[in-house]
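Engineer: quick one, what's the 3D model for this:
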Amino acid sequence: MTTVLAPVAGAAVGLEAVPDPVFSGGLVGPGAAIDPAREPGRALSPIDGKIVKLHPHAFVVVGDDGRGILVHLGIDTVQLRGEGFEPLAAEGDRVRAGQPVVAWDPAAVEAGGRSPVCPVVALDASEGSVTGLAEGTVGAGDELFEWR
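Structural biologist: Residues are numbered from 1 along each chain as shown. The predicted structure follows:
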């Protein structure tokens, strides 16, 4: 079982609330999302593992068990071409759960007309394997869900 931590502070919401059909339809995988606090902060690694993909607006951490977690900071933020995001780690780095990976400002994303909501997805997870979804307010580093 993998315990997945919240990468950012805010309100935990279901993926169906994400304003993007790829995430809300579960096409990437099951998981949860966080409507982040509108203040500058750092997105944390949700699990112990290795950063296998790192874009300014998104990253994937794969644990030693081969399970990968995608953290996407906002919706359509790829269009920002990295503006407003500061990577604090590099692809190939080993990280601990709770370690800062990217600094960003959700309020700036929202001011630019994009949703700052953050999908946190269990990649290649089977239907029903994600349980214990957090509800309400979560802090960065709090438990978000379990991947069984």
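
Engineer: number of nearby residues for D20?
Structural biologist: By other CB atoms under 10 Å, 18 other residues sit near D20. Every residue, glycine included, has its C-beta placed from N, CA and C.

Engineer: helices along this protein, start to end?
Structural biologist: 21-24, 106-111 (DSSP state H).

Engineer: any chance of these in JSON lines, plus mean pLDDT?
Structural biologist: JSON lines is the format used below for those (pLDDT from 0 to 100):
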{"stretch": "helix 21-24", "mean pLDDT": "96"}
{"stretch": "helix 106-111", "mean pLDDT": "96"}
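
Engineer: need the ones you listed in JSON lines (columns: mean neighbour count and distance to L54).
Structural biologist: Listed next are the helices of the chain as JSON lines, based on neighbours: other CB atoms under 10 Å; distance: least, CB to CB, whole Å:
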{"stretch": "helix 21-24", "mean neighbour count": "16", "distance to L54": "19"}
{"stretch": "helix 106-111", "mean neighbour count": "18", "distance to L54": "18"}
